[in-house]
Each structure stands twice: as structure tokens, then as C-alpha cells.
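Asks: Okay, sequence plus prediction incoming.
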Amino acid sequence: MLIIVAFALLLFVPSPWNLVAFLVTTPLGIVELLVWNRTVRHRKKAVGAQNLIGRSAVVVSSCRPDGQVRLDGEIWAARSNTGASVHESVNVVGRDRLTLIVEPAPH
């Protein structure tokens, strides 16, 4: 972000202050990029069906035993051994490939 500011200062600030501002903000922008890269590099990647375990979903198609649930606006295939009706809230307790294993949520 600071690199964009540096170029804007170079274009819109009167001379010689535009060069001074550019020379000051450019190294700050580079440091900003290095710090951002260092903090993001070690974050755990949060993708895949395994990250859905423990979340709650809403049944779209009755799960007796197979059906569908909506989770974060996405529809997933689901299986419930105890059964779940449409519009019922369920918890994701496991997965089998891309099929979520769900149980009715406690009331």
C-alpha cells in the first residue's frame, strides 16, 4: 500500500518534496511487504472438507440416511445415521470423502 502512496506522492507533490517523499515512503513500503509476507507464510491453510468438522449446518434435503445440508452458503452431500428433517440444524461430526457425516444439533 505504501508503494502506491509513494508513486502518488511522486506525481502530485510539488518538487523537490515529491522526490523526498518518494525516497522516504518506498523503503517503508518494502518493509511493509516483507513483514506481511513473514506473518502470512506461517499461517495454517484453511481449505478442504476436513475444516468443516465441528461446524453447524442446515438440512436442505432430508438426511435419512443420505441428503444435503447448507453450510456457509454451499450445499454439501450429507449422511445422518439418526436422520434429520428439512430446515433442522445439524452438526458436522465427520466426513467420508466429500460427504459430511452429520448429527442433529442439541436443542
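Replies: That came through, no problem.

Asks: What's the separation between residue 77 and residue 34?
Replies: Separation of residue 77 from residue 34 (Cβ to Cβ, to the nearest Å): 43 Å. Any C-beta I mention is one placed from the backbone N, CA and C, and that applies to glycine too.

Asks: who's more crowded, those two?
Replies: Relative neighbour count places residue 77 above the other of residue 77 and residue 34, with 16 against 10, counting by other Cβ atoms under 10 Å.

Asks: so which strand or helix has that one?
Replies: strand 74-79 (DSSP states H and E).

Asks: Contacts for stretch 97-107 next, please.
Replies: Outside stretch 97-107, the residues within contact range by Cβ atoms under 8 Å, 6 or more residues apart in numbering are 49, 52, 56-57, 59, 63, 66, 69, 71, 76-82, 84, 88-95.

Asks: Of the residues you listed, which belong to strands?
Replies: The strands, defined by DSSP state E, take in 56-57, 59, 66, 69, 71, 76-79, 89-95 from those.

Asks: Emit the ChimeraX select command for whichever of those are buried.
Replies: Entered in ChimeraX, the line below selects the buried ones among these, by 16 or more other Cβ atoms under 10 Å:
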select :57,59,69,71,76,77,78,79,90,91,92,95
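
Asks: can you map out the helices along this protein?
Replies: For the chain, the helices defined by DSSP state H cover 2-12, 17-41.

Asks: starting at the chain centroid, how far to the lowest-mean-pLDDT helix or strand in the chain?
Replies: Here the helix or strand of the chain ranked lowest by mean pLDDT, DSSP states H and E is helix 2-12, holding a mean of 83. Helix 2-12 has its C-alpha centroid displaced from the chain centroid by 31 Å (Cα atoms, centre = their mean, to the nearest Å).
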